[in-house]
Structure formats: C-alpha cells, structure tokens
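1. How does the following fold in three dimensions:
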Amino acid sequence: MFKGLRNLAPGTYIGYGVLIFFILVVGLSMSEGNIIFGLVHIGILITATTIFCVMVLRDISGNKPLLPIILAYAAHFALMVIRKGELYFAWKLVELFFLYFIVVIAGGSTLPYNLKRYRSAEIRARGIPAMAVVEQASDNGSRATEKRVYRFYSMNLTLRIEGHPKSPYRITDTFWVSDFYIHLFSSGRPTIPVLVDKEDFRKVVLDLEGGPKA
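-> Now for the predicted structure:
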C-alpha cells in the first residue's frame, strides 16, 4: 500500500506539508485572541479543503467543487462578525482568500495526479502484463509537470483489454500520459502495453515504457 508514497517526489510532501502548516497558522491568526474561535476557523478550513479535494478526486464537473470553499469563506466572515459584534473589514479576509486560492490550485491540479501515481505504484509492482486497444481517447485539459521536465496530460481512455484471463473486456478511466507518448493517441486505434491489478481486473495502468505500438 505504501509503495506509492515512495513513488512521489519529495517536493510533494513538502508542498502539502507547508499548505497544512499555513492552514493552522491562518486559522489561529483569525481567532483574534480567542482560542475557541481560532479552533473553529481551523475546523472550517480543514472541512472545506477536505470536501473540495474529495469532490475533485470524484471528478465532479463544473464549479461545484468550489461551493464548499465559498460557503466556508462566508462562515469565516460570519464568525468574525460574531466575535467583533459588528460588520467590519479585516485584512485577514484577504489572507484567507489567498490561502483558499492555493488550496484550489494545489487540490485541483496536483492532487489528482499525485493520487493516481500513488494508486498506480502497487499495480506496477505486482500487476499482470496485458495489451490494450485504445478505442476512444480524449484530452480532458488537465496538466502536470514533474521535476520541471516532463509534462503529463490527463486523458480519458476507453481500453479493450487483451491477453488477460478475463479478456476481452473494456474499461474507461482517466490516465496521465507523458508528452513522450501523447502522439500515440492522436489517431487510429493504437495497441499499448498495460498492467492489470491481480485482485481487481478493472484496475489498469499504462505501461508505455514497456514498448508501445502505434
């Protein structure tokens, strides 16, 4: 289970660690001397961030994942008004806006990619080799860059799995494809190597480094 964690770049842990640290610091700074209000602010921050990330990972479309962020922001403002006893503007709300902005950027762009790598590492370690015919391929617009060198494209693929005891069968899932191999999906119905999870044949990862065929 934890092999996937070792497969992530060290900067990933640092980045998410710093984000968690800022959530705690900003939450406490908004308490204005009252630790109870500070803990409530932190609770709102953590809850909104968690719900947002879960909605992103479930691939909920449109602006719906932003709803918990908007509601949380309103809740922060309401708490500040209750604490002060009057309507007022504070620069802490600006700090909070930028913190949630970072959450949206980090959660919306990097989290799906990192979680996909985490889940794929186990299959790569013990998966069953097979081949897959790409019946449909579409770019969903998400991008990820690793070590400032490789760019990955998030693609929705429908694959017909061949050469597996359960074959033939089809799966449709989202895969991250390196720009080195993106040309394989530009036309036709390429046949590519894949690895199938031993316990769940519906879980498949691409094994393009194993020798893709156009």
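2. who touches the longest strand along the chain?
-> As assigned by DSSP state E, the longest strand anywhere in the chain is strand 128-146. Identification of contacts with strand 128-146 by C-beta atoms under 8 Å, 6 or more residues apart in numbering yields 9, 109-110, 112-113, 151-164, 167, 170, 172, 174, 176, 184-185, 189-198, 204, 207, 210. (C-beta placed from N, C-alpha, C; glycine too.)
3. how about 6 Å then?
-> For strand 128-146, the external contacting residues (C-beta atoms under 6 Å, 6 or more residues apart in numbering) are 113, 151-164, 185, 189-192, 194, 196.
4. do the same with stretch 30-37
-> Stretch 30-37 is contacted by residues 38, 41, 83, 92 when judged by C-beta under 6 Å, 6+ apart.
5. sorry, back to before: now do the helix or strand that the longest strand of the chain is followed by: which elements does it pack against?
-> With elements assigned by DSSP states H and E, the helix or strand that comes after strand 128-146 is strand 150-162. When contacts are defined as 3 or more C-beta pairs under 6 Å, 6 or more residues apart in numbering; DSSP states H and E, strand 150-162 packs onto strand 128-146, strand 169-178.
6. Please repeat the previous calculation with a cut-off of 10 Å.
-> Counting contacts by 3 or more C-beta pairs under 10 Å, 6 or more residues apart in numbering; DSSP states H and E, strand 150-162 is packed against helix 111-126, strand 128-146, strand 169-178, strand 191-196, strand 204-206.
7. Dump the biggest helix by length in the chain to CSV, keeping only the CA atoms.
-> What stands out as the longest helix in the chain, according to DSSP state H, is helix 35-57. Only the C-alpha atoms of helix 35-57 are listed here, as CSV (Å, rounded to 0.1, in the frame of the first residue of the first chain):
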residue,chain,number,x,y,z
ILE,A,35,-8.6,30.2,21.0
ILE,A,36,-12.1,28.7,20.6
PHE,A,37,-12.8,30.9,17.6
GLY,A,38,-9.4,30.0,16.3
LEU,A,39,-10.1,26.3,16.5
VAL,A,40,-13.5,26.8,14.8
HIS,A,41,-11.8,28.7,11.9
ILE,A,42,-9.3,25.8,11.6
GLY,A,43,-12.1,23.3,11.6
ILE,A,44,-13.8,25.2,8.8
LEU,A,45,-10.6,25.4,6.8
ILE,A,46,-9.9,21.7,7.1
THR,A,47,-13.5,20.7,6.4
ALA,A,48,-13.8,22.9,3.3
THR,A,49,-10.4,21.8,2.0
THR,A,50,-11.2,18.1,2.5
ILE,A,51,-14.7,18.3,0.8
PHE,A,52,-13.2,20.2,-2.1
CYS,A,53,-10.4,17.6,-2.6
VAL,A,54,-12.9,14.7,-2.4
MET,A,55,-15.1,16.4,-5.0
VAL,A,56,-12.1,17.0,-7.2
LEU,A,57,-11.0,13.3,-6.9
